[in-house]
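# coords please:
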Amino acid sequence: MHTYFHTLPRRAIFVFASLIFFLTFFGLNAVAAPTLPVAHSHSSLVANAEVALGLKYENGHGVAKNYAKAFHYFQLAAAQGSAQGEVRLGDMYYSGYGVTQDYAKALHYYQLSAAQGNADGEFNLGSMYEFGEGVPQDYATAVRYFRLAAAQGNDSGETELGYMYENGHGVTQDYAKALHYYRLAAAQGNAAAADGVARLSKLIK
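Have a look, this model is predicted:
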């Protein structure tokens, strides 16, 4: 019976096995992280492990919190085309954790991630256009990215899309649509969306 690992070079197997051993030793399951995409190649398996390791250093789970090391592992993952690595690297540049804050670079990595259909990348990119961070403020473009994220069930995207409809930013003001998106996000436990539902429910009879 042929298995995936039979197709990998011995050195690749060793590298991947070493990464998994290290992550398991430190308790990878303790990391509260988004679900990583299913890996279909050696490079994506390693990239997923690098993202997971970066998250451990970013959050201080099982290791001392170290933003510089988190940045390093996210950078390795992003270099392999990992959408999650790209969005996490964008987060580091956006916040200035482990690296000098740089909105232009954050925007770049969010764009790469969003181009692969990553909902977090789409939402973050929309936020940068909404607030004019690293780009001229553009509500219409922000709405476009929030809509893409919301279409994947991203509660942050749903909440912001509701906000845009509530306030008429980039779209015609529409309380009914705003309430619709707030309800979708609130159903996932988003507190800001729940506030939006309470607020608009008083206006729409």
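# can you tell me how far residue 148 sits from residue 180?
Applying CB to CB, to the nearest Å, the value for residue 148 to residue 180 is 17 Å. C-beta coordinates here come from the backbone N, C-alpha and C atoms, glycine included.
# the more surrounded of those two?
residue 148 (21 against 16; other CB atoms under 10 Å).
# Setting aside sequence neighbours, what's the nearest residue to that one?
Nearest residue to residue 148, sequence neighbours excluded (CB to CB, 6 or more residues apart in numbering): residue 122, at 4.5 Å.
# same deal with residue 139?
Nearest residue to residue 139, sequence neighbours excluded (CB to CB, 6+ apart): residue 170, at 3.1 Å.
# Tell me how many other residues crowd the residue nearest to residue 148.
29.
# May I have the secondary structure class of it?
helix (DSSP: H, G, I helix; E, B strand; the rest coil).
# isn't it right up against residue 145?
Yes - in this structure, residue 122 is within contact of residue 145 by CB atoms under 8 Å, at 4.8 Å.
# got the contact list for the residue nearest to residue 116 when sequence neighbours are not counted?
Of all residues not flanking residue 116 in the chain, residue 83 sits nearest, at 4.1 Å (CB to CB, 6+ apart). Residue 83 makes contact with 37, 112, 113, 116, 117, 118, 121, according to CB atoms under 8 Å, 6 or more residues apart in numbering.
# Return the members of those classed as buried.
112, 113, 118, 121 (16 or more other CB atoms under 10 Å).
# And the last one, how close does it get to residue 174?
Taking CB to CB as the measure, residue 121 falls 26 Å from residue 174.
# Also the third one?
From residue 118 across to residue 174, the span is 28 Å (CB to CB).
# Next one: the residue nearest the centre of the chain relative to residue 97, how far apart?
In the chain, the residue lying closest to the centroid (CA atoms, centre = their mean) is residue 120, at 3.1 Å. Between residue 120 and residue 97 the computed distance is 16 Å (CB to CB).
# mind listing the strands for the chain?
Counting by DSSP state E, one finds no strands in the chain.
# what packs against the lengthiest helix in the chain?
Using DSSP state H, we find that the single longest helix of the chain is helix 42-59. Counting by 3 or more CB pairs under 8 Å, 6 or more residues apart in numbering; DSSP states H and E, the packing neighbours recorded for helix 42-59 are helix 10-25, helix 67-79, helix 83-95.
# Which of the ones you listed has the lowest mean pLDDT?
Among the helices and strands packed on helix 42-59, helix 10-25 carries the lowest mean pLDDT, at a mean of 44.
# picking up where we left off before, and the residue nearest to the centre of the chain, what's its pLDDT?
97.
# Equivalent analysis for residue 202, please.
With respect to pLDDT, residue 202 has a value of 87.
# do you know how far it is from residue 167?
With CB to CB as the criterion, residue 202 and residue 167 are 16 Å apart.
# the more surrounded of those two?
residue 167 (12 against 7).
# Can you give me every residue that contacts the more buried one?
residue 173.
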